[in-house]
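K.L.:
Give me coordinates for this.
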Amino acid sequence: MRIVHIDGGKFFDWGKTSADYAKFRDIYPEEFYQKIIQRGLCTYGQTVLDVGTGTGVLPRNLYRYGAKWVGTDISENQIFQAKRLSEGMNIEYHALSAESLKFPDNSFDVITACQCFWYFNHEQVAPDFYRMLKPNGRLLFLYMSWLPFEDTIAQASEKLVLKYNPQWSGKGETVHPIQIPDVYNQYFELVSHEEYPLDIVFTRESWNGRIKACRGIGASLSEPEISAWEKEHRELLANIAPDSFTIAHYGAITELKKR
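P.N.:
Down below sits the predicted model:
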């Protein structure tokens, strides 16, 4: 995938890092999910479309609340992992881009997009989301990120990503509301947004895996580059991080209602 405003247009493919993504990126804490459930969303009696589902993290973790889930992702490898990890759950998955979704009108009570909305062609998907949602349906954008200016381990790891991938535009995150493109105002109205602190527990192994499975490393670098980065990152963590530690993050949620 190549998007001009992301990583300077550097090619990336989430399918390259699907195995690590499946192993190391199912890290959202319970509070992240409760922010959704407390809004009465993604629960029993509702049908939910999760766009950019990746390895199915959102459907799998919210499945217990009884909604009927459909997950889509542009990467066939990600969908393969989602199906594998969702064995025994009645979750429907499709390898489709956000721009190619053709579900019937009024199909869903909720559409979710977690860690992926900046990849969309918003002019194209906003009217499709509107069309596919039922009357009074909800569009839910979700996000979680580490905070490099508040956490020394995160900052050091981020600097090493930039050493190997200087164009990576995922750097320097700070707490802020999810930025909703203006086109959505034609179809949706804002219900609420919330940004809140999170401390996520890692080991050296799981934090290395989390960074390796980010867009700036596993999804975009060559195998020799990834190996060199990983050797250096493991050495870095051995010097600056204890066996177990927390990384400062923040979560963000924005709820829109169909007009």
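K.L.:
any weak-confidence spans in the stretch 1-150 of the chain?
P.N.:
Residue ranges of the stretch 1-150 of the chain with pLDDT under 70: 2-4.
K.L.:
change it to 80
P.N.:
Low-confidence segments of the stretch 1-150 of the chain, defined by pLDDT under 80, span residues 1-5.
K.L.:
show me where it has strands.
P.N.:
47-51, 68-73, 92-95, 108-114, 133-146 (DSSP state E, counting those that start in this stretch).
K.L.:
Make TSV from those and add mean neighbour count and distance to residue 235 to it.
P.N.:
(Each C-beta comes from the backbone N, C-alpha and C, glycine too.) Listed next are the strands of the stretch 1-150 of the chain as TSV, based on neighbours: other CB atoms under 10 Å; distance: least, CB to CB, whole Å:
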stretch	mean neighbour count	distance to residue 235
strand 47-51	25	37
strand 68-73	24	34
strand 92-95	16	37
strand 108-114	24	32
strand 133-146	20	20
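K.L.:
how about these, which one is nearest residue 125?
P.N.:
Taking CB to CB, strand 47-51 is the member of the strands of the stretch 1-150 of the chain nearest to residue 125, at 7.8 Å.
K.L.:
packing partners for that closest one?
P.N.:
When contacts are defined as 3 or more CB pairs under 8 Å, 6 or more residues apart in numbering; DSSP states H and E, strand 47-51 sits against helix 57-62, strand 68-73, strand 108-114.
K.L.:
and of those, who's closest to residue 100?
P.N.:
Ranking those by proximity to residue 100 (CB to CB) places strand 68-73 first, at 8.8 Å.
K.L.:
re earlier: distance to residue 168 added to the strands of the stretch 1-150 of the chain, as a markdown table?
P.N.:
Converted to a markdown table, the strands of the stretch 1-150 of the chain look like this (distance: least, CB to CB, whole Å):
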| stretch | distance to residue 168 |
| --- | --- |
| strand 47-51 | 23 |
| strand 68-73 | 21 |
| strand 92-95 | 26 |
| strand 108-114 | 20 |
| strand 133-146 | 13 |
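K.L.:
ok, residues contacting stretch 144-160?
P.N.:
If you take CB atoms under 8 Å, 6 or more residues apart in numbering as the criterion, stretch 144-160 is touched by 28, 32, 115, 171-175, 198, 200, 207, 211, 229, 232-233, 236-237, 240-241, 245, 247-252.
K.L.:
Now, these that are in helices?
P.N.:
32, 207, 211, 229, 232, 233, 236, 237, 240 (DSSP state H).
K.L.:
residues touching the residue nearest the centre of the chain, list them.
P.N.:
Centroid-nearest residue in the chain: residue 115, 2.4 Å away (criterion: CA atoms, centre = their mean). Counting by CB under 8 Å, 6+ apart, residue 115 makes contact with 52, 54, 142, 143, 144.
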